[in-house]
Structures are given as C-alpha cells and as structure tokens.
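S.K.: Fold the following, please.
(one chain, ligands or ions: 1)
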Amino acid sequence: MPETIFAKIIRREIPADIVYEDEQCLAFRDVNPQAPVHILIIPKQHVARLVDAVAEDQALLGHLLLVANKVATEQGIGGAFRLVVNNGAAVGQSVFHLHLHVLGGRAFTWPPG
Ligand code: AMP
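M.R.: I've put the predicted structure just below:
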C-alpha cells in the first residue's frame, strides 16, 4: 500500500479518533474539522482517488455510502449531512487515499466553494 497518513492510521502507527471499523473500512474524526461533525470514511484497501476505482470496487463503494449513513445516524446528523469526495489536488484532495467526508451539525450553503 502506498505510504499515506491514512495507511498509517489503518496500521495504527499514528492515532486517530476512530468511530467505526469493519473488515472493509475505517471511520475517524477529521483532525481539522470543518463542521461540528466531520468524519472521514476510508477503505482499508488502497484506492488513491475515486477516479481510480474500477468495476471490482463497486460493492466497496456502495459499502462506504452505507457506512456513511450509519455513522451520520450514530452521530446524530442522520437527518441532514453532506458527503464530499475531493478527487484530485485541484479540487482540494490532499491525501491520496480515497475518503468520504461526512459533514454535519451546521447549515451549509450551495454551491460549495
Ligand atoms: P482531502 O483534502 O479531501 O484530501 O481531505 C483530507 C482530510 O484529512 C483533511 O480534511 C485533513 O484535515 C484530514 N487529515 C489529515 N491528516 C489527518 C489525521 N492524521 N487524522 C485525521 N484527519 C486527518
């Protein structure tokens, strides 16, 4: 697996505030939260960007969305939350290990900046 900060979190080499884990993914609080609830959901297998996912990843991608539902509900924001996937540096991706941002607990504007 390529070395990213998230690979180190998966291997427990650096700490994270983990809120959910199963065989396929890990969810933990963002270290620099942009909302009262800001959780990252990452697959345990390495996929650098969403655009790098392939047909074999279909079930995994669906699983990540269902985990987003579960985590949002458990965190009390099931009625209103935003999912963000930054794909590529130009739109803000800074860690090249696929992750879903689950954001909630405040109002959001649209369109995003
Ligand atoms: P992105 O900019 O979409 O690639 O999102 C990467 C996110 O990872 C940012 O929101 C960072 O605040 C977050 N992040 C970076 N390092 C850590 C870490 N060690 N623990 C938790 N979140 C992190």
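S.K.: So which elements touch the biggest helix by length in the chain?
M.R.: For the chain, the helix that runs over the most residues, judged by DSSP state H, is helix 58-74. Packing contacts for helix 58-74, counted by 3 or more C-beta pairs under 8 Å, 6 or more residues apart in numbering; DSSP states H and E, involve strand 18-21, strand 25-29, strand 37-43, strand 81-84, strand 100-104. C-betas here are computed from N, CA, C, even on glycine.
S.K.: buried residues in it?
M.R.: For helix 58-74, a neighbour-count test (16 or more other C-beta atoms under 10 Å) marks Leu60, His63, Leu64, Val67, Ala68, Lys70, Val71, Ala72 as buried.
S.K.: from what I can see the first one touches Pro43, true?
M.R.: Just to be clear, that refers to Leu60. Yes - if you go by C-beta atoms under 8 Å, Leu60 and Pro43 touch, sitting 5.6 Å apart.
S.K.: got any residues that touch both of these two?
M.R.: Gln24, Cys25 (C-beta atoms under 8 Å, 6 or more residues apart in numbering).
S.K.: that older thread, over the longest helix of the chain, what's the mean pLDDT, rounded is fine.
M.R.: For helix 58-74, mean pLDDT is 98.
S.K.: Quick check: residues of this protein near the ligand?
M.R.: 5, 14, 16, 28, 30-32, 40, 86, 92-95 (C-beta under 6 Å from any ligand atom).
S.K.: Please identify which two of those are farthest apart in space.
M.R.: Ile14 and Gly92 (21.8 Å; C-beta to C-beta).
S.K.: For the nearest residue to Phe81 once chain neighbours are set aside, name its beta-bridge partners.
M.R.: Leaving aside its chain neighbours, Phe81 sits nearest to Gly104 (3.6 Å; criterion: C-beta to C-beta, 6 or more residues apart in numbering). Gly104 forms beta bridges with Val37, Phe81, as assigned by DSSP bridges.
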